[in-house]
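In: Need coordinates for the following:
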Amino acid sequence: MRWVILDRDGVINHDSDAYIKSPEEWVPIPGSLEAIAQLNRSGFRVVVVTNQAGVGRGLYDLATLDRIHAKMRKQVEEVGGHIEAIYFCPHGPEEGCHCRKPRTGLYEQFASQFNVDLDGIPAVGDSLKDMQAAQSVGAEAILVETGNGRQTLKRNPKLDVPTFVNLHEAVQYILFTQG
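Out: Below is the predicted model:
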């Protein structure tokens, strides 16, 4: 079984410094949903691994997060794709939990639930935390320039990971190298 791990905000949907606090605020980046469907058609299963500190900060509750994720899943399914599972950390950075990226708890939950070896699995994100978490578990960190990606590159000019304009382009790379 082949897998791809995706961050959510800034990779699948447009991000916001004020957080995505409602289903109405969740807006996909053009081409991202189709990219997930393309992965599925090529035999890859997709999971989402995402920090959601807005829950811990009281900006939205778990029921609202569930509705946001239901909208994401529905829109992915409308273009022929499927998200196997969503793993999220509801804690703020100050809480020091093991699940918040760059720590590896969410990746470990995924690996345990699906009995997956994380070594070499493509993990697409838009932040240094995403890259660090992926690399810590042996996954292949891939950066997209959407969301915080351009800022991540600017702040970390020596970051040595495959980098692409958006998820669609990252998926073409994944299909070429692992397809």
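In: longest strand anywhere in the chain?
Out: Ordering each strand of the chain by length in residues (DSSP state E) puts strand 44-51 first.
In: pLDDT averaged over that one - what is it?
Out: Averaging pLDDT along strand 44-51 gives 98.
In: Packing partners of it?
Out: strand 2-6, helix 32-41, strand 85-89, helix 105-114 (3 or more CB pairs under 8 Å, 6 or more residues apart in numbering; DSSP states H and E). No exception for glycine: its C-beta is placed from N, CA and C like everyone else's.
In: any idea which helix or strand comes after that strand?
Out: helix 53-56 (DSSP states H and E).
In: strand partners of the longest strand of the chain, parallel vs antiparallel please.
Out: strand 2-6 (parallel), strand 85-89 (parallel) (DSSP bridges).
In: Verify the stated contact: Gln132 with Tyr107.
Out: No - Gln132 lies out of contact with Tyr107 (CB atoms under 8 Å); the separation is 11.2 Å.
In: The two: which is more packed in?
Out: The residue with more neighbours, out of Gln132 and Tyr107 and counting by other CB atoms under 10 Å, is Tyr107; that gives 25 against 15.
In: How about the contacts made by that one?
Out: Ile5, Val49, Tyr87, Leu118, Ala123, Ala133, Ala134, Ser136, Val137, Ala139 (CB atoms under 8 Å, 6 or more residues apart in numbering).
In: how far away is the third one from Arg8?
Out: Computed as CB to CB, to the nearest Å, the Tyr87 to Arg8 distance reads 10 Å.
In: Tell me where the model's unsure across the chain.
Out: 179 (pLDDT under 70).
In: Leaving out chain neighbours, which residue sits closest to Gln132?
Out: Pro102 (3.7 Å; CB to CB, 6 or more residues apart in numbering).
In: about what we covered before: if we go by neighbour counts, what in the longest strand of the chain is buried?
Out: Residues Phe44, Arg45, Val46, Val47, Val48, Val49, Thr50, Asn51 are the ones in strand 44-51 that count as buried (16 or more other CB atoms under 10 Å).
In: Could you single out the nearest of those residues to Thr177?
Out: Phe44 (12.1 Å; CB to CB).
In: who does that closest one bridge with?
Out: Bridge pairing for Phe44 - DSSP bridges - gives Arg2.
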